[in-house]
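Colleague: Please work out how this folds:
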Amino acid sequence: MYRFLPCNLHSIKVNLDPIKAVKSNSCEYECRPKGTETLPRGIVSTTTDLEMRPLSGPPKNKKPKSPTNLLAIAAGIKQKQNVNEIVKKFPLSEFAIMLFHYDGNVNGWKDLEWSNNVIHVSAINQTKWWFAKRFLHPDVAQYDYIFLWDEDLGVENFHAGRYVSIIKEEGLQISQPAIDPDQSAVHYILTARQLNSTVHRRAIQKYGKGHRCFEYSMEPPCTGFVEMMAPVFSRASWRCAWHMIQNDLVHAWGIDLQLGNCAMGDRTKNIGIVDSEYLIHWGIPTLGGSRTNKTDYKLIEKPSTPTRKARDTGKMAPKSEQPVDRYVVLQEALTELERFKNRWKKAVREDRCWVDPYNHPAIKTTSSS
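Modeller: Numbers count the residues shown, from 1 in each chain. I've put the predicted structure just below:
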């Protein structure tokens, strides 16, 4: 028999059977997905989705179409009320929804009307990006847009349908809702909501604290940048971003500055902030993937002894209820950031075929005295 090798191996035809098979010459250079070389093309199913299928077969009154977008949230039971408000903003007819339970508490959500219609994935003390790397492979997350959000977001001024319409019209491959600066801690001026605007793609900040951004700035976080608390990816950009997420670097710090490489073109045009549909970022320290302000950690006391209840009973709280040492978490995130930077530099050095599309020469400026 003949076996067709994967496209990345140039689809070289190999005769594995002493009995010579007759094949058309047109098959010689045919590409087949890896692992399917011995299967007839029509039986190969290369992708999947997160839609649940009834054991008894499709319902008689089947909904006309499957959800075309995905919302995935890292969720703990302490933020149940807020997550409920978020989920209710995303109609199940248009969005598949997946909850990543980092505290292991799944049963506590059963009383919500939508709970049985969403996917629940549980793993103790894991981050949003740990879950996303393992359960949102691009061949599974076959959705037009993937909303990968934290749980501590206020959605009073957000409408999912309008948001999707805007990013489609604007051609945004990677985006996020703007952050209300009056009620949120804004870490980057680019993500702050701009009044009387639908979408913006760059910010200017010549003075004050934080990163300086000028009219000619071409690099993140001045343009081509979103924060990791509420990113929205197109299908194509998520396939790229998923491959950039490191399997062992669970906080994903540093990836935000490199997302421009997944913008499917010019990052200054294809990445943007949607002002008309905006969020409040409460900044609640959780096990999610948000980039928490360093000053927040100064207010968190490091747990040094068991709780009084544990001392009295001689029993420790369940693992999911034990306090997380936020200072240690921050230190690990910073360590991971350096590891990611070093890996990026090493990858660039060693890949002689890769060309940096954003390697612009520095613009020289003169400062007035």
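
Colleague: Quick check, central residue of the protein?
Modeller: Nearest to the mean C-alpha position of the chain, by Cα atoms, centre = their mean, lies residue 148 at 4.4 Å.

Colleague: tell me the phi and psi of that one?
Modeller: phi -120, psi 90 (degrees, to the nearest 10).

Colleague: Report the beta-bridge partners for it.
Modeller: Beta-bridge pairing of residue 148 under DSSP bridges involves residue 72.

Colleague: Confirm residue 168 sits in a helix?
Modeller: Yes - counting by DSSP: H, G, I helix; E, B strand; the rest coil, residue 168 is located in a helix.

Colleague: Poorly predicted segments of the protein, please.
Modeller: 1-26, 28-29, 62-64, 286-324, 360-369 (pLDDT under 70).

Colleague: Check which helix or strand the residue lying closest to residue 33 once chain neighbours are set aside maps to.
Modeller: Of all residues not flanking residue 33 in the chain, residue 46 sits nearest, at 5.6 Å (Cβ to Cβ, 6 or more residues apart in numbering). Backbone N, C-alpha and C define where each C-beta goes, glycine included. For residue 46, there is no host helix or strand (DSSP states H and E).

Colleague: I'd assumed residue 35 was in contact with residue 46.
Modeller: No - look at residue 46 against residue 35 with Cβ atoms under 8 Å: they stay out of range, at 9.8 Å.

Colleague: so how far is residue 139 from the residue nearest to residue 33?
Modeller: Separation of residue 46 from residue 139 (Cβ to Cβ, to the nearest Å): 7 Å.

Colleague: Looking only at neighbour counts, state which of these two leads.
Modeller: Using other Cβ atoms under 10 Å as the criterion, residue 46 and residue 139 rank with residue 139 on top: 13 against 9.

Colleague: Specify the local secondary structure of residue 86.
Modeller: helix.

Colleague: what about residue 93, distance to residue 114?
Modeller: According to Cβ to Cβ, residue 93 and residue 114 sit 12 Å apart.

Colleague: if we can go back for a sec, quick one: contacts for the residue nearest to residue 33?
Modeller: If you count contacts by Cβ atoms under 8 Å, 6 or more residues apart in numbering, residue 46 has them with 33, 36, 139.

Colleague: Show me how far the helix or strand where residue 233 lies is from its chain's centre.
Modeller: Assigned by DSSP H and E, residue 233 falls within strand 232-234. Counting by Cα atoms, centre = their mean, to the nearest Å, strand 232-234 is centred 8 Å from the centre of its parent chain.

Colleague: And for stretch 73-89?
Modeller: Stretch 73-89 sits 17 Å away from the centroid of its parent chain (Cα atoms, centre = their mean).

Colleague: Tell me the span between the first and last residue of stretch 117-133.
Modeller: Stretch 117-133 has an end-to-end distance of 23 Å (Cα to Cα, to the nearest Å).

Colleague: And for that stretch, what's in contact with it?
Modeller: Identification of contacts with stretch 117-133 by Cβ under 8 Å, 6+ apart yields 50, 52, 72-74, 87, 92, 96-106, 109, 135, 148, 150, 228, 242, 245, 247, 250-252, 287-289, 319-320, 324.

Colleague: for stretch 180-187, same thing?
Modeller: The contact list for stretch 180-187, computed with Cβ under 8 Å, 6+ apart, reads 154, 157, 179, 192-193, 227, 278-283, 291, 293, 296.

Colleague: farthest-separated two in these?
Modeller: Across the contacts of stretch 180-187, the longest distance by Cβ to Cβ is 23.4 Å; it joins 157 and 296.

Colleague: can you pull out the helices in the stretch 151-300 of the chain?
Modeller: With helices called from DSSP state H, counting those that start in this stretch, the stretch 151-300 of the chain shows them at 160-170, 235-244, 267-270, 294-298.

Colleague: circling back to that earlier point, emit the PyMOL select command for whichever of the contacts of stretch 117-133 are buried.
Modeller: This is the PyMOL syntax for the buried subset of the contacts of stretch 117-133, where burial follows 16 or more other Cβ atoms under 10 Å:
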select buried, resi 50+72+73+74+87+96+97+98+99+100+101+102+103+104+105+109+135+148+150+228+242+245+250+251+252+287+288+289
